[in-house]
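> output the structure for:
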Amino acid sequence: MLEIMRNIGIMAHIDAGKTTTTERILFYTGKSHRIGEVDDGEAIMDWMEQEQERGITIQSAATTTYWNRAADGGKELKYQINIIDTPGHVDFTAEVERSLRVLDGAVAIFDAVRGVEPQTETVWRQAEHYHVPCIGYVNKMDRVGADFFQVLQDIENKLGIMTAPIQIPIGKEGNFEGVVDLIEMREIRWEGDEGEIPAYSPISAVMEKRAAQWREKLIDVLSSVSDEVTLKYLAGEELSPSLIRKELRKAVLNRSLLPVLAGASRRNMGVQPLIDAVVDYLPAPNETLPASGHHLKKDEEIGIPCDPGAGALGLVFKIQNDREAGSLCYVRMYSGALKPGTVVYNVGKKKRERANRILRMHSNKSEPLDELAAGDIGVIIGMKEAQTGDTVGSEGWPVLLEKMQFPEPVISVSIEPRTISEQDKLHDILAILSREDPTFTTRENDETGQLIISGMGELHLDVLVTRILKEFNIEARVGNPQVTYRESIGVTAEQTQSFSRVIAGKENAARLSLKAEPSERGSGNRYSNMVKSRDIPQAILDAVERGIRGCFLSGIVLGYPCIDIEVSLTDIEYSELSGTEFAFEACASMGFDEACKKAHPYLLEPIMAVDLVSPHESVGDVMSLITQRGGQVLRMDSKNTFDEVKAQAPMAKMFGFMTSLRSVSQGRATFTMEFSHFEKKSER
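Now for the predicted structure:
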């Protein structure tokens with residue numbers, strides 16, 4: 001039954017309490033028999049050795065649990081909840097991206113002290129892109145400086161969505177005792193050694209006035225999106241809890257409201273109502289918009305409704321390597337069903353593979369499944385060719401699902417094995433890691449012969465290098481981080497190029513004219529053929545295009561990839577006797593190089609968006625530190641206990657920034673950094 005299934009993700013900024021909250025959800029739903037703590041390195045969902053050592057989530061982990069929830073009719077239903085716990089650090093944004101692509105709903109967790117943090121904004125934009133309905137949970141209400149109502153304001157200002165608090169806290173900081181449920185109009189506190197018993201009581205006289213005010217605000221916000229609530233409210237009728245929940249659910253599915261709850265997960269307070277809210281407000285797989293796909297034979301876009309009885313169609317959203325089982329392909333089924341032992345068709349690659357086994361994952365443990373049906377998430381073992389973003393299904397229904405878009409890596413290091421004998425092993429390991437992580441790339445430097453690996457940031461590369469050294473037991477030397485630059489041109493230039501070589505007694509000759517011109521920043525590289533002659537074979541024109549597109553990757557002066565260049569083929573001279581594909585491909589490459597060298601080529605460096613959080617007394621030193629590194633402060637927002645600084649800075653100057661930041665702020669300031677754009681490199 002799809003109606004009792006929920007596919008949800010837990011998303012937030014690093015250290016907001018995602019994994020801590022997930023651990024409580026698993027405990028209270030009976031999936032685990034103890035609460036694993038992140039600080040002790042014992043969290044069930046952080047199973048990787050590096051996650052336990054660093055105390056952060058690096059890979060998104062999937063699990064399935066079940067929750068009994070009484071429906072409004074009084075009947076109790078057992079809901080299946082598939083949960084993906086995502087990383088919060090900006091370097092692992094790809095993990096969040098691919099998780100949100102396949103989820104139906106998400107829980108956005110906010111730190112009660114810091115409110116909406118930089119990475120929260122990033123994941124919120126990703127959720128908006130994939131139309132993922134969300135509910136909010138303000139965690140850490142027991143911390144010094146916690147302010148639930150300030151966080152609500154922050155959400156509305158920064159995320160641009162109306163909040164609908166369905167709870168308000170009783171006390172805050174050290175005096176946080178519980179919450180007032182504004183729908184049922186009662187107080188909730190938590191009893192038992194691990195908060196497993198929610199205790200309900202009438203609203204106390206102290207909280208009565210405030211609870212009435214916020215209940216009124218809840219109804220007011222809800223009436224702005226619901227005609228039924230408006231009519232009943234104006235008629236002076238009492239609004240039943242079931243009506244409020246029903247209309248709130250509609251608003252969440254439309255992404256017009258964000259219901260917000262409060263709690264302190266570390267102190268085992270507030271989690272059970274959050275699980276109820278997941279069931280009450282987040283959509284079942286058949287309540288979401290149909291997935292969009294491209295029918296290859298009909299060459300048209302189609303919607304794919306969630307129907308277990310239709311043709312099989314699923315999306316591979318994550319690849320994970322297992323030493324014993326090989327590639328674990330995490331698949332979200334959108335239509336039909338797959339069974340173990342059956343043939344699976346990779347639509348994009350046009351290859352058949354066998355699904356040897358199908359598993360349901362619980363972090364790094366698994367249990368076999370008889371069938372993976374529409375709406376569900378599971379793991380297929382046996383597919384060797386599949387990659388992240390591939391569509392799997394049946395040959396009779398060749399539909400490609402929308403692929404995921406990942407950012408370009410911006411930081412690189414060189415890596416080489418200590419012994420020649422380990423060279424092939426290192427190449428194999430890098431291939432495995434590249435399949436697992438779409439934002440990790442590897443290439444060989446043509447001039448030096450060095451292996452260069454690239455990633456999203458210092459932490460990302462540090463984690464991958466540590467995995468290579470420890471997990472795969474490779475002894476390797478790693479170079480210092482290097483910035484990945486780009487090349488472009490400043491003016492338009494034209495070049496007529498000739499090529500002539502005698503190879504094996506046969507003349508290979510070509511002649512063509514090219515025009516290279518700069519295009520708008522961010523528009524990408526473009527190639528166009530302006531020659532309309534029918535006498536030129538298509539194979540020759542394809543060879544010219546291959547030559548140009550190859551040059552886009554190999555650079556102009558320093559060998560960095562080119563961006564934002566438009567190249568046009570304006571003239572071509574072809575002879576049947578001497579014109580070959582090889583000659584025209586080589587001629588196009590030479591012509592591109594010469595044209596771009598005339599067009600004032602220049603280097604572009606990656607500029608990073610830097611978000612800093614600093615105590616009031618250190619903010620001057622922190623801003624001075626960023627300007628000393630060639631950065632530019634864009635704005636500063638002042639909060640109760642800290643200041644938030646938004647800035648931009650060249651990545652090349654940001655290595656080792658954390659050490660300097662800790663030094664000027666006595667270790668109290670923090671920062672996050674993500675790629676913003678490429679900018680012409682200044683001679684600093």
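
> wait, is residue 609 part of a helix?
No - Residue 609: not assigned to a helix; according to DSSP: H, G, I helix; E, B strand; the rest coil it is strand.

> just say helix, strand or coil for residue 110.
strand.

> what's the pLDDT at residue 130?
pLDDT recorded at residue 130 is 81.

> how close does residue 180 get to residue 214?
Distance, residue 180 to residue 214, by C-beta to C-beta, to the nearest Å: 8 Å. C-beta: built from backbone N, CA, C; applies to glycine.

> now do the shared contacts for those two.
residue 168 (C-beta atoms under 8 Å, 6 or more residues apart in numbering).

> more crowded one of these two?
Taking other C-beta atoms under 10 Å, residue 180 and residue 214 do not tie; residue 180 has more neighbours (24 against 18).

> and that one, what helix or strand is that in?
strand 178-181 (DSSP states H and E).

> pull up the pairing partners for that strand, direction included.
According to DSSP bridges, strand 178-181 forms sheet pairs with strand 167-170 (antiparallel), strand 186-191 (antiparallel).

> which other residues reach the first one?
By C-beta under 8 Å, 6+ apart, the list of residues contacting strand 167-170 from outside reads 141, 148, 176-182, 187-189, 207, 210-211, 214, 260-262, 270, 273.

> pull out the buried members of those residues.
With burial judged by 16 or more other C-beta atoms under 10 Å, the buried subset of the contacts of strand 167-170 is 141, 148, 176, 178-182, 187-188, 207, 211, 214, 260-262, 270, 273.

> does residue 143 belong to a helix, a strand or coil?
Applying three-state DSSP: residue 143 is coil.

> doesn't residue 112 make contact with it?
Yes - assessed by C-beta atoms under 8 Å, residue 143 is found in contact with residue 112 at 6.3 Å.

> neighbour count: these two, which is higher?
residue 112 (26 against 17).

> does the residue nearest to the more buried one when sequence neighbours are not counted sit in a helix, a strand or a coil?
Closest residue to residue 112 apart from its sequence neighbours, by C-beta to C-beta, 6 or more residues apart in numbering: residue 146 at 3.7 Å. Following three-state DSSP, residue 146 is assigned to coil.

> ok, residue 146 touching residue 171?
No - at 9.8 Å, residue 146 does not count as touching residue 171 under the criterion of C-beta under 8 Å.

> more crowded one of those two?
Applying other C-beta under 10 Å to residue 146 and residue 171 shows that residue 146 carries more neighbours, namely 25 against 15.

> that one and residue 11, how far apart?
20 Å.

> by mean pLDDT, point me to the weakest helix or strand of this protein.
Every helix and strand in the chain was compared by mean pLDDT, DSSP states H and E; the lowest is helix 49-54, with a mean of 49.

> what's the first helix or strand after that helix?
strand 61-70.

> for that next one, which strands pair with it and how are they oriented?
Going by DSSP bridges, the partners of strand 61-70 are strand 76-85 (antiparallel).

> just the buried positions in the strand it pairs with, please.
In strand 76-85, counting by 16+ other C-beta under 10 Å, buried: 79, 80, 81, 82, 83, 84, 85.

> and it, C-alpha only, in PDB?
Only the C-alpha atoms of strand 76-85 are listed here, as PDB (Å, rounded to 0.1, in the frame of the first residue of the first chain):
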ATOM      1  CA  GLU A  76      -4.200   2.600  13.800                       C
ATOM      2  CA  LEU A  77      -2.000   2.100  10.800                       C
ATOM      3  CA  LYS A  78       1.600   0.900  10.500                       C
ATOM      4  CA  TYR A  79       3.600   3.300   8.300                       C
ATOM      5  CA  GLN A  80       6.800   2.300   6.500                       C
ATOM      6  CA  ILE A  81       9.300   5.200   6.600                       C
ATOM      7  CA  ASN A  82      12.400   5.000   4.300                       C
ATOM      8  CA  ILE A  83      14.900   7.500   5.800                       C
ATOM      9  CA  ILE A  84      18.100   8.900   4.200                       C
ATOM     10  CA  ASP A  85      20.400  10.800   6.600                       C
END
